[in-house]
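Trainee: quick one: sequence plus predicted model below, questions after.
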Amino acid sequence: MSDGETLVEAALRVLNTPDPVEKAKLGDQIANKWLQGLISNAYHTSQQPDIVVPDRPARLTNVKLVSPSLMPKLGKAGSLQSRQAIVHSLVHTESWAIDLSWDIIARFGKQELMPREFFDDFVRVAQDEGRHFTLLAARLEELGSFYGALPAHDGLWDSAVATSKDLFARLAVEHCVHEARGLDVLPTTISRFRNGGDNDTADLLEKVVYPEEITHCAAGVKWFKYLCSRSKAPNGDDESDEVIEKFHEIVRAYFRGPLKPPFNEAARISAGFGPQWYEPLAVKDFSK
């Protein structure tokens with residue numbers, strides 16, 4: 001790591017690293033240096049050409065990509081083939097989650113003049129996502145498969161592209177919709193692995209991935225509220241109806257279709273937002 005490198009410059013190096021294994025390792029190194037104070041600045045404050053954040057991070061071509069509608073059914077973890085398919089899907093999601101975390105730092109941190117705590121939070125998210133990827137990829141190999149053995153889709157990054165010019169939208173859609181959807185489905189996924197006799201995968205999801213994903217969703221909620229409060233008078237109420245209405249407006253503009261119940265209300269409350277945030281978005285007719 002070069003002397004004087006800023007966090008945004010380091011984030012760009014992660015985004016430009018194609019191998020997800022190396023991406024996770026590099027991200028972990030950078031995160032540790034930032035959190036230990038060994039990287040002093042989030043970005044340069046002097047006159048300097050703006051860093052160009054790639055529209056699409058560097059990726060290997062070993063994973064066959066298909067449309068989400070053409071993805072094979074994953075099954076319910078009752079067979080080894082199904083368990084491999086589910087873990088492969090999770091590994092792919094985590095590989096994109098690494099990029100999403102570094103992208104929000106590089107793309108929006110300086111542009112929106114976000115405080116240091118914003119960088120701290122998403123560095124921790126990035127570090128967690130890298131660990132999730134590494135652990136799940138190793139578990140996939142223990143199950144007799146490997147990342148790239150099955151097709152995958154890039155719907156998660158499609159949402160990142162759609163929200164690339166609006167931090168409100170990025171936080172709402174990626175962290176308060178997609179990540180919250182993960183909170184909704186993970187308990188069922190964990191139960192399916194246990195019922196299928198795979199306690200190792202169930203434990204990994206239950207003890208490591210699930211609780212940390214709650215904190216990732218919480219980061220999205222926290223910084224969405226911050227943006228709302230910053231745009232209002234000082235000491236504004238970040239739990240006001242205006243905040244929730246703003247959330248509804250953003251999700252309806254940037255997310256296709258209604259949200260899918262059932263919702264994991266307990267986990268969502270732990271992440272900082274209650275049913276009034278998402279239940280109105282579950283109706284089929286957004287005009288209601």
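Mentor: On my side now, so go ahead.

Trainee: buried set for the worst-scoring helix or strand of the chain on mean pLDDT?
Mentor: Taking mean pLDDT, DSSP states H and E as the measure, the helices and strands of the chain show their lowest mean at helix 155-162, namely a mean of 89. Counting neighbours by 16 or more other CB atoms under 10 Å, one finds that the buried residues in helix 155-162 are Gly155, Leu156, Trp157, Ser159, Ala160, Ala162. Just so you know, the C-beta spots here come from the backbone N, C-alpha and C atoms, and that holds for glycine as well.

Trainee: now do the contacts for the closest residue to the fifth one other than its chain neighbours.
Mentor: Beyond its immediate neighbours in the sequence, the residue positioned closest to Ala160 (CB to CB, 6 or more residues apart in numbering) is Leu100, lying 5.9 Å away. Contact criterion CB atoms under 8 Å, 6 or more residues apart in numbering gives Glu129, Leu156, Trp157, Ala160, Glu174 as the residues in contact with Leu100.

Trainee: can you give me the pLDDT of Leu100?
Mentor: Per-residue confidence for Leu100 comes out at a pLDDT of 97.

Trainee: quick one: the helix or strand containing it to helix 155-162, angle?
Mentor: Counting by DSSP states H and E, the element that carries Leu100 is helix 80-108. For helix 80-108 against helix 155-162, the angle between stretch directions is 20 degrees (axes from the mean of the first three to the mean of the last three CA atoms, to 10 degrees).

Trainee: buried residues in helix 80-108?
Mentor: Residues of helix 80-108 classed as buried under the neighbour-count rule (16+ other CB under 10 Å) are 82-108.

Trainee: about what we covered before: in JSON lines, list the buried residues of helix 155-162 along with distance to Pro20.
Mentor: Listed next are the buried residues of helix 155-162 as JSON lines, based on distance: CB to CB, whole Å:
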{"residue": "Gly155", "distance to Pro20": "17"}
{"residue": "Leu156", "distance to Pro20": "14"}
{"residue": "Trp157", "distance to Pro20": "13"}
{"residue": "Ser159", "distance to Pro20": "19"}
{"residue": "Ala160", "distance to Pro20": "16"}
{"residue": "Ala162", "distance to Pro20": "23"}
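
Trainee: can you tell me the SS state at the nearest residue to Cys176 once chain neighbours are set aside?
Mentor: Once flanking residues are discounted, Cys176 sits nearest to Gly220: 4.7 Å by CB to CB, 6+ apart. For Gly220, the secondary structure call by DSSP: H, G, I helix; E, B strand; the rest coil comes out as helix.

Trainee: before we move on, back to that, beyond the helix holding Leu100, next helix or strand please.
Mentor: Scanning forward in sequence from helix 80-108, with DSSP H and E defining helices and strands, the next element found is helix 116-142.

Trainee: what angle do that next one and helix 80-108 make?
Mentor: 160 degrees.

Trainee: report the buried residues of helix 116-142.
Mentor: Of the residues in helix 116-142, those with enough neighbours to count as buried (16+ other CB under 10 Å) are 118-137, 139-140.

Trainee: quick check: Pro15 touching Asp99?
Mentor: I think there's a mix-up here, since residue 15 is Leu and not Pro. Yes: with contact defined as CB atoms under 8 Å, Leu15 counts as touching Asp99 (6.1 Å).

Trainee: these two touch, right, Phe133 and His92?
Mentor: No: under the criterion of CB under 8 Å, Phe133 makes no contact with His92, lying 9.2 Å away.
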